[in-house]
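> Sharing a model prediction with you, sequence too.
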Amino acid sequence: MNLLIVLASNPYSHDFNTAVKLAEASINRNHRTSIFFMGNGIYSVLRPEVKELYEKGAKIYYCAHNAQQRKIKPEEWAESSSMYGLSKLVTEADKVIMLD
């Protein structure tokens with residue numbers, strides 16, 4: 001299965017913890033797991049839990065426009081994307097979970 005998690009809420013919300021737990025469960029089941037950060041969720045890409053998910057096999061994407069607006073420079077392991085990129089990820093995913 002191909003799971004996409006989209007996180008738009010701030011990194012200290014319950015949604016962040018939910019996203020991390022869902023991603024870990026998906027990775028443990030050997031599902032293809034992607035997380036897309038946008039809006040205030042872009043701050044989450046700076047949290048160490050996200051890098052740990054990347055190291056476990058999750059693909060990490062972020063909206064470059066939102067990062068630029070908030071003056072965030074994610075590390076190189078997170079892939080810069082856009083709303084167009086998100087639309088492609090949505091069409092490729094079997095399941096999409098939006099946390100806002």
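Cool, got the structure.
> Would you point out which residue is most central in this structure?
Central residue of the chain (CA atoms, centre = their mean): residue 35, 2.5 Å from the mean position.
> Can you name the residues bridging to it?
Note on residue 35: beta-bridge partners residue 5, residue 60, judged by DSSP bridges.
> In contact with it: list those residues for me.
4-7, 19, 23, 50, 53, 58-61 (CB atoms under 8 Å, 6 or more residues apart in numbering). Every C-beta, even on glycine, is put in place using the N, C-alpha and C of the backbone.
> What is the nearest of those to residue 68?
Residue 68 lies nearest to residue 61 out of the contacts of residue 35, by CB to CB, at 15.0 Å.
> which phi and psi does residue 10 have?
phi -60, psi 160 (degrees, to the nearest 10).
> Do I have it right that it meets residue 41?
Yes: here residue 10 reaches residue 41: they are 7.1 Å apart, a contact under CB atoms under 8 Å.
> Residue 24 and residue 73: what is the separation?
Noted for residue 24: a distance of 26 Å to residue 73, by CB to CB, to the nearest Å.
> The two: who's more crowded?
A direct count of neighbours by other CB atoms under 10 Å for residue 24 and residue 73 places residue 24 higher, at 16 against 9.
> Can you tell me the element that one falls in?
Residue 24 belongs to helix 14-28 when assigned by DSSP states H and E.
> I'd like to know which elements that helix is packed against.
When contacts are defined as 3 or more CB pairs under 8 Å, 6 or more residues apart in numbering; DSSP states H and E, helix 14-28 packs onto strand 2-7, strand 32-37, helix 48-56, strand 95-99.
> Make JSON lines from those and add mean pLDDT and distance to residue 86 to it.
Shown next, in JSON lines, are those (pLDDT from 0 to 100; distance: least, CB to CB, whole Å):
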{"stretch": "strand 2-7", "mean pLDDT": "98", "distance to residue 86": "7"}
{"stretch": "strand 32-37", "mean pLDDT": "98", "distance to residue 86": "5"}
{"stretch": "helix 48-56", "mean pLDDT": "98", "distance to residue 86": "17"}
{"stretch": "strand 95-99", "mean pLDDT": "98", "distance to residue 86": "10"}
